[in-house]
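> what shape does this take:
(2 chains)
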2 protein chains.
Amino acid sequence: MTQLPIEHTVTFQLSHPAGSAAESDFLAAAAELASIPNVHNFQIRRQTSPKNPHRFGISMWFETAEHFAAYCDHPAHVEFVQERWLKEVTDFQESDFEPLA
Amino acid sequence: MTQLPIEHTVTFQLSHPAGSAAESDFLAAAAELASIPNVHNFQIRRQTSPKNPHRFGISMWFETAEHFAAYCDHPAHVEFVQERWLKEVTDFQESDFEPLA
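Numbering: from 1, shown residues only, chains lettered A, B, ... in the order given. Got it, this is the predicted structure:
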């Protein structure tokens, strides 16, 4: 499995009922973040560990720290955070990963 | 990037000082979990998000839920948890992922 050096992840919980149209609409809006430049292998998945209260996870990979920073500052990301994330996400945990060495 | 359906992850914090020999020894012992059958793309990485208090992350992939369960029950995993994890890890958060659909 070829792999880029930086993975950005977040697990989260929505205010919407499981399986609701509002949940689906949020996930569809989040999926559009994949089109921001230099985002690789963007995934939205179900979080299934019973030791974690969050129901979903997003993961994406970057080649460089500059690409990751540009994603964070991209207008489409900033707008998504302001208009959707802050209003519909009740709890979240970010984790970012880089090689040990 | 080819990908298996199940990812098991954990971020964690050790009781050992950063860069210490005890830290390295723990990480080397954890790396041996990669040899448990049906564990794929095992990685230990640095956790770098300032929004997360944990310094390390482990990730691995499984083809089936049965393989994941067999990993959890494998004597090498059980011994690692008892002899190292419970004694040296001060905080952790598991997250497991499966496809949405």
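
> in contact with the nearest residue to A:His67 once chain neighbours are set aside, which residues?
Spatially, and ignoring its direct neighbours in sequence, A:His67 is nearest to A:Asn38 (3.9 Å; Cβ to Cβ, 6 or more residues apart in numbering or on different chains). (C-beta placed from N, C-alpha, C; glycine too.) Taking Cβ atoms under 8 Å, 6 or more residues apart in numbering or on different chains, we find A:Asn38 in contact with A:Phe62, A:Glu63, A:His67, A:Ala70, A:Tyr71.

> which positions in the helix or strand where the last one lies come out as buried?
Secondary-structure element containing A:Tyr71, defined by DSSP states H and E: helix A:65-73. Within helix A:65-73, the residues that count as buried by 16 or more other Cβ atoms under 10 Å in any protein chain shown are A:His67, A:Phe68, A:Ala70, A:Tyr71.

> I figured A:Ala76 hits A:Glu32, correct?
Yes - A:Ala76 lies in contact with A:Glu32 (Cβ atoms under 8 Å); the separation is 7.1 Å.

> one step back: quick one: the buried residues of helix A:65-73 as CSV, columns for pLDDT too.
What follows is the buried residues of helix A:65-73, written out as CSV (pLDDT from 0 to 100):
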residue, pLDDT
A:His67, 98
A:Phe68, 98
A:Ala70, 98
A:Tyr71, 98
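
> past the lengthiest helix in chain A, which element shows up next along the chain?
Longest helix in chain A by number of residues, with DSSP state H as the criterion: helix A:21-31. Downstream of helix A:21-31, the first helix or strand assigned by DSSP H and E is strand A:40-47.

> could I get the average pLDDT for that following strand?
What strand A:40-47 shows for mean pLDDT is 97.

> look up how far B:Ala76 lies from the spatially most central residue of chain A.
Chain A has A:Ile58 as the residue nearest its centroid, 3.5 Å off, counting by Cα atoms, centre = their mean. To B:Ala76, A:Ile58 is 32 Å away according to Cβ to Cβ, to the nearest Å.
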